[in-house]
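Student: build the 3D model from these lines:
(2 chains)
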Amino acid sequence: MSDIYKGYRGEALGLLKSQGVRVWSDAEVTTTRGQFTGIILPRSETADDRHIVLKLRNGYNVGITVSTVTEIKEIGYKEAHYKIPEKEFPYDPRKPRVKLLGTGGTIASRLDYRTGAVIPAFTPGELYGSVPELADICNLETEKLYGVFSENMGPEQWIGTARAIGREIERGVQGIVIGHGTDTMHHTAAILSFMVQNSPVPIVMVGSQRSSDRPSSDAALNLINATKTAAESDIAEVMVCMFGPTSDQYDLLHRGTRVRKMHSSYRSTFRTIGDIPIAMVSREKIIPLRDDYKRRRNDRNVIINTSFEEKVSIVYYYPNMKPDIIESLIDNGYKGIVIAGTGLGHVNKPLYPALRRAHEKGIAMYMTVQTLWGYVQMFVYDTGRDIMELGVVPGANMLPEVAYVKLGWALGQTSDLTKVKEIMLTPVAGEITEREPHNGYLIYQGGIPEVERFVSSYWK
Amino acid sequence: MPRIFDYGELEEKDYLNLGFKSGLEIHQQLRTEKKLFCRCPAGEYYEDYDAEVLRHMRPTLSELGEYDGTALMEFKTRKEIIYRLNKRNVCTYEMDDTPPFELNPEALEIALEVTLLLNCNLVGELHIARKQYLDGSIPAGFQRTTILGTDGWIPYKDRRIGIRQLGLEEDACREVSDHGHRRVYKTDRLSIPLIETVTYPDMRAPWEVAEVAELLRELARSTGKVRTGIGRARQDVNVSVEGGTRVEIKGVHRIPYIPRLTHFEALRQANLLELRSELHKRGITKEALQSNVSEVTDLLKNTAFLPIRSALERKWRVMAVCLTGFRGLLSFPLQPHRDFASEISDRVRVIACLDELPNIVHSEMMDNPLTATEWRKVSSALEAKKDDSIVVVWGDVRDSETAVGEVIIRAREAALGIPNETRQAFPSGVNGFERILPGPDRMYPDTDMPPVALPDELIEQAKGRLPPTPWERRAYYRKIGLPAKIVEDLMSARRAPLFRRAVETLRIDPTLAAVTLSQTLKSLERKGFPVDRLGDKAIFEVLRRSSDGEFAREAISDILKLMSIEGMRPEEAIARLGLVRLTDEGLREIVQIVVGLERNLDPQDPGKKWRYLMGVLMSELRGRVSGKRVAEFLSEAMGIALIGPDRAKERET
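Tutor: Residues are numbered from 1 along each chain as shown, chains lettered A, B, ... in the order given. Alright, predicted model coming up:
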């Protein structure tokens, strides 16, 4: 049953009812500020109840203040029907089979100009209509697993996705693309790197920083490059595929355990931390930047391990942090704590007794660095040595979010802290590296002459 | 018969017969400190840049599974768009890498004032919309735009011109270059706040369009809060004729260009309708148009025609299109010096990106660059008959294919009538194709921004700030009795607001007040005196003292001059100039002394002597006494009658 007053409440709802009109009414609205004619549109839930929305003949939406309305007359009714015509995705037996799993985020969309709605385009036919280039790359199948904003992704979705990946590999797909919101793409990439091991095919996560209804969106190019990677590359790892520069030039393939979203909005927000990406990919080619990646195989074997213990927390240390924060984690039954410490992995002295108590309670504790780049090294200062004494284990150069999902995964498999430690400190997919290359940390400061010269000589 | 008339040869009734209708869309930059959706400084243009970004634009499908016509066109062009960024006035918002900030409240207030002046119905809430543009002129691929009011009007002659809407939106980038498949833009102008005034197509003749544009410009400027200068306001003009479609001529920078442009566009449409009739007579409709295509690279490999020679050197293809039954129609005139073939050439240039001209040749050209033999070969390759016309294009594999497609598309559209297009204006008054006119459907809500309420308090405050409208002012000045030229001077004078107060509270000659506030100040400014430093109070004070007779009107300019350079108050300047008031007694005495001294000197002719003595006296007395009184007293002292202001003759005694 459709809601004829969709989104309206309070004063506005009262007005519509008293005037005998509804959403999608084509209406003449007489107000103290003049007369307006248009279609009554649904009201957004987060907007107030003192206005009604009209779509005028010139295409613009306006809000009419309820208290200024003297009369509304319905002169027609234009119900919205979101019919999305299907085009068939062309099948070519010579092309590889790629599966696109959707968890959220709109990698492609259509616009209903009549109402202004942005409708996700997700079936192969819809995607083909939006991004026809995909048909040149592969035979595409799609499946929508979830439709959540990525901040709402969690163990349930991670496990479901890992299992779906396992299923598809067993069915013999040649590559997997996962559409995902960008906010927690790196969390999911990390946990999938643990839950899905030894994959014979590429598993490529992709999203867009600019919504796909925009002409300037990075969505299409990201999707084309991700699909190309899944279909053609020989990199059999969990990767994130997103813009390299902010210009429309190439995407980067980042190893799932070392990638992080580093800017709230830039297209070029994803970066590999403490190392270099695996490859560059453009419409024309995939260029590996290193050769220590797992190669594609012809078999269909994969190891799926979807253990996860939810009672794990990240604690971001700050000066003057009080021990009661740790105490509350202990008292609430947490089994694991990942600390993002300052410098080489430090917290203040007042926390020590709480940490000792946590250790005595058998809570697994690991140290990572807030600075994101660099190794934890707790021998250098007294502080570090003291904290290790208390039972906090240095996490080498694992990123805090990666250590968090890995600890959840480890504790899901065993509660024996020695075994947990072995799991944590044995690299599975590059989350800990033995060496940091000189070019693993390249943050250049704007304003400096040579930097400005460099930046101005290439497309950003 | 195609109609080619120069502007000025047709009268109002001719335009009525054509069914001429025209409307305006005027984009006017607002004078705000910051841009519309970010906090970058607004207004300055720069030539240098710190970095460049590359983007492409992709169209979005509508729910009907179709691309908007413009979007499809732009997508076909496959342009690389380069944006040049200068950090002084561009931030990550302009690069489309950061979401929008709050709508600039200063811009909203100014837009609200103009909306009220246009008598529009005001909305209760502004909803920001996205209007898609795929030419790259906005990095996000869409412009953020909103409307404040609808269905307003302004008085014009004995009727009203309807105002469809008043919108507030972001300005776009400035184009640097557009060659082949690369277009380069500067981002300094991007996101400067604009108001867009859209009229109904109520204008009925070319001159009316220009006059209404002037009125609207005046109205916007009367707020004192819009930017002036070249390019700060741009006019888009819509023209249609009976049986035609609305065509938009974009970006007309100067209002005087408008009459010629609308005139030639109206005729172009009438001529296209004639062309269509001719096609229909020949049985050619959009569906029934036959064409065939052949590659003729080899056939023309020895041609002397330079553009094709260099195409061959680049290993490009040469293609020929035969349009069945089209004979004589490629050279059908549409505008002075522009025939139907030029429309085809425009399409090939814009959509296939083949912009080195000439980019086509055809079988009907007057001084044909291909030889008869070459045409015979091409013709037989196409199996063309004598009723057919042939168009030859050249380009790389993809572009030549696009070009061939566009030739056929445009030919088909000729059988339909007048395609919905956006045209670009040329200085001579004719126009060329710019893009397919965007559909109304390329707008949808911007979900990045919440609606902005327009409460009663904001509106009341804006009403309190409104200046009188131009038509109110003109009516008032005429009622006072100012001559027409002075009315116009005062209309564009910055200090005009002082006029009414002066006339109502001082016993001052209105013409003197008007001239002082307009011509005098303007003249001083032009000579380099910083009169805009003077406060309104100070200028009004000068008028007050003049009306009290403290000095003669001739002194006003000098007083203002001194005040502006030295920063003096009026009384200081008056004292410095030695403008002590002179009584009649004093004046009579001075005049008699001077006359006495000069009695025996040349010239002796009374007329000449009178003039000579006037010169002597005025050089001393200028500013302290009016010339008129000096003339009276001098004539009295010399015993001669005054005829006219500066002639004298012997008084008959």
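Student: C-alpha only now, for contacts and for neighbours.
Tutor: OK.
Student: give me the below-cutoff pLDDT ranges for the stretch 201-350 of chain B.
Tutor: In the prediction, the stretch 201-350 of chain B carries no residues with pLDDT under 70.
Student: ok, for A:F36, nearest residue in space, not its chain neighbours?
Tutor: A:V29 (5.2 Å; C-alpha to C-alpha, 6 or more residues apart in numbering or on different chains).
Student: hmm, A:T68 and that neighbour touching each other?
Tutor: No. Counting by C-alpha atoms under 8 Å, A:V29 does not reach A:T68; the two are 10.0 Å apart.
Student: pick out whichever of these two has more residues nearby.
Tutor: Remark: of A:V29 and A:T68, A:V29 carries more neighbours, 19 against 14, as counted by other C-alpha atoms under 10 Å in any protein chain shown.
Student: which residue ranges form the helices in the stretch 251-400 of chain A?
Tutor: Secondary structure of the stretch 251-400 of chain A by DSSP state H, counting those that start in this stretch: the helices cover A:324-331, A:352-360, A:382-389, A:400-411.
Student: go on, the stretch 251-400 of chain B?
Tutor: B:258-281, B:306-313, B:340-351, B:372-382, B:397-416.
Student: for the helix or strand hosting B:F499, the averaged confidence score.
Tutor: Using DSSP states H and E, B:F499 sits in helix B:497-505. Mean pLDDT, computed over helix B:497-505, is 92.
Student: mind checking the SS state of the residue nearest to A:F36?
Tutor: strand (DSSP: H, G, I helix; E, B strand; the rest coil).
Student: tell me what it is bridged to.
Tutor: Following DSSP bridges, A:V29 is listed with bridge partners A:F36, A:I72.
Student: do you know the pLDDT at it?
Tutor: In this prediction A:V29 is given a pLDDT of 96.
Student: let's have the helices of the stretch 251-400 of chain B in JSON lines, adding mean neighbour count.
Tutor: As requested, the helices of the stretch 251-400 of chain B are exported to JSON lines (neighbours: other C-alpha atoms under 10 Å in any protein chain shown):
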{"stretch": "helix B:258-281", "mean neighbour count": "22"}
{"stretch": "helix B:306-313", "mean neighbour count": "16"}
{"stretch": "helix B:340-351", "mean neighbour count": "23"}
{"stretch": "helix B:372-382", "mean neighbour count": "16"}
{"stretch": "helix B:397-416", "mean neighbour count": "20"}
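Student: okay if I get those helices as TSV plus distance to B:G224?
Tutor: Below are the helices of the stretch 251-400 of chain B laid out as TSV (distance: least, C-alpha to C-alpha, whole Å):
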stretch	distance to B:G224
helix B:258-281	25
helix B:306-313	53
helix B:340-351	39
helix B:372-382	63
helix B:397-416	46
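Student: what's in contact with stretch A:385-394?
Tutor: For stretch A:385-394, the surrounding residues in contact (C-alpha atoms under 8 Å, 6 or more residues apart in numbering or on different chains) are A:345-346, A:352, A:355-356, A:359, A:364-368, A:376-379.
Student: end-to-end on that stretch?
Tutor: End-to-end distance for stretch A:385-394: 10 Å, by C-alpha to C-alpha, to the nearest Å.
Student: got it, and stretch A:29-38?
Tutor: The straight-line separation of the ends of stretch A:29-38 (C-alpha to C-alpha) is 8 Å.
Student: and that stretch, which residues are buried?
Tutor: Within stretch A:29-38, the residues that count as buried by 16 or more other C-alpha atoms under 10 Å in any protein chain shown are A:V29, A:T30, A:T31, A:R33, A:G34, A:Q35, A:F36, A:T37, A:G38.
Student: mind picking the two most distant members of the residues you listed?
Tutor: The distance between the two most remote of the buried residues of stretch A:29-38 (C-alpha to C-alpha) is 15.5 Å, for A:R33 and A:G38.
Student: how distant is the next helix or strand after the helix holding B:F499 from the center of its chain?
Tutor: Later in the chain than helix B:497-505, the nearest helix or strand by DSSP H and E is helix B:510-515. Computed by C-alpha atoms, centre = their mean, to the nearest Å, the separation of helix B:510-515 from the middle of its chain amounts to 31 Å.
Student: equivalent analysis for stretch A:194-207, please.
Tutor: Taking mean C-alpha positions (C-alpha atoms, centre = their mean), stretch A:194-207 and its chain are 15 Å apart.
Student: pull that stretch out as CSV, backbone CA atoms only.
Tutor: Extracted in CSV, the C-alpha atoms of stretch A:194-207 (Å, rounded to 0.1, in the frame of the first residue of the first chain):
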residue,chain,number,x,y,z
PHE,A,194,41.8,-12.9,6.7
MET,A,195,38.5,-14.6,6.1
VAL,A,196,39.2,-15.5,2.5
GLN,A,197,42.7,-16.9,2.1
ASN,A,198,44.5,-18.4,-0.8
SER,A,199,42.1,-17.2,-3.4
PRO,A,200,42.9,-18.3,-6.9
VAL,A,201,41.3,-15.2,-8.4
PRO,A,202,41.4,-11.4,-7.9
ILE,A,203,38.9,-10.0,-5.4
VAL,A,204,38.5,-6.3,-6.0
MET,A,205,36.7,-3.9,-3.8
VAL,A,206,35.3,-0.7,-5.5
GLY,A,207,33.2,2.3,-4.7
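Student: whether it contacts chain B - can you check?
Tutor: No. Stretch A:194-207 lies out of reach of chain B by C-alpha under 8 Å from any C-alpha of the partner chain, never closer than 15.1 Å.
Student: neighbours of residue 421, just the number please.
Tutor: I went with chain A, as the question did not name one. Neighbours around A:K421, by other C-alpha under 10 Å: 18.
Student: the chain in question should be chain B.
Tutor: Each residue near B:E421 was counted by other C-alpha under 10 Å, and the total is 19.
Student: what's the distance between it and B:N431?
Tutor: For B:E421, the distance to B:N431 - C-alpha to C-alpha - is 11 Å.
Student: could you do B:F5 as well?
Tutor: Here B:F5 is placed at a distance of 15 Å from B:N431 (C-alpha to C-alpha).
Student: neighbour count: these two, which is higher?
Tutor: Using other C-alpha under 10 Å as the criterion, B:F5 and B:N431 rank with B:N431 on top: 21 against 13.
Student: any weak-confidence spans in the chain?
Tutor: Let's take chain A. Along chain A, segments meeting pLDDT under 70 span A:1-2, A:80-86, A:113-114.
Student: wait, chain B was what I had in mind.
Tutor: Low-confidence segments of chain B (pLDDT under 70): B:1, B:61-77, B:437-441, B:642-653.
Student: the residue lying closest to B:Y49 once chain neighbours are set aside: neighbouring residues, count only.
Tutor: Closest residue in space to B:Y49, ignoring its immediate chain neighbours: B:N86 at 4.4 Å, by C-alpha to C-alpha, 6+ apart. Look at B:N86: counted by other C-alpha under 10 Å, it has 19 neighbours.
Student: same thing with the one 3 residues further on?
Tutor: By the criterion of other C-alpha under 10 Å, B:N89 has 22 neighbours.
Student: now do it against B:Y46, distance only.
Tutor: Here the criterion is C-alpha to C-alpha. By it, B:N89 lies 9 Å from B:Y46.
Student: now do A:K261
Tutor: Using C-alpha to C-alpha, A:K261 is found at 34 Å from B:Y46.
Student: for the two, indicate the residue with more neighbours.
Tutor: Taking other C-alpha under 10 Å, A:K261 and B:Y46 do not tie; A:K261 has more neighbours (18 against 14).
Student: ok, what's across the strand from the more buried one?
Tutor: A:F270.
Student: against A:W158, how distant is it?
Tutor: Separation of A:K261 from A:W158 (C-alpha to C-alpha) stands at 18 Å.
Student: so what's the backbone phi/psi at B:M638?
Tutor: The phi/psi pair for B:M638 (degrees, to the nearest 10) reads phi -90, psi -10.
Student: what is the burial count for it?
Tutor: Neighbours around B:M638, by other C-alpha under 10 Å: 18.
Student: about what we covered before: in the helix holding B:F499, what counts as buried?
Tutor: B:P497, B:L498, B:F499, B:R500, B:A502, B:V503.
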